[in-house]
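Peer 1: heads up, no residue letters with this:
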């Protein structure tokens, strides 16, 4: 069940889009909002990548080994 919950979270983060009125935001506000969306999407990608790893790959990452 935990894996399904993480996949759901990752999908939510990947689907994050900008839902604002660009006319009321100044350039800095818009840039901050865009950066937040990019970070959320990147975290979602990392979660999916980790969930798709094999057990051996996870252990290798944790111990710092590379094949």
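Peer 2: Alright, I've got the coordinates. No experiment lies behind these values; they were computed from the predicted model shown. Numbers count the residues shown, from 1 in each chain.
Peer 1: what is the longest helix along the chain packed up against?
Peer 2: Secondary structure of the chain per DSSP state H: the longest helix is helix 27-51. Packing partners of helix 27-51 (3 or more C-beta pairs under 8 Å, 6 or more residues apart in numbering; DSSP states H and E): helix 2-14. Just so you know, the C-beta spots here come from the backbone N, C-alpha and C atoms, and that holds for glycine as well.
Peer 1: identify the residues contacting the longest helix of the chain?
Peer 2: For helix 27-51, the surrounding residues in contact (C-beta atoms under 8 Å, 6 or more residues apart in numbering) are 3, 6-7, 9-14, 16-18, 20, 22, 25, 58.
Peer 1: in PyMOL, how would I select the buried members of the residues you listed?
Peer 2: A single PyMOL command selects the buried members of the contacts of helix 27-51 (16 or more other C-beta atoms under 10 Å):
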select buried, resi 10+13
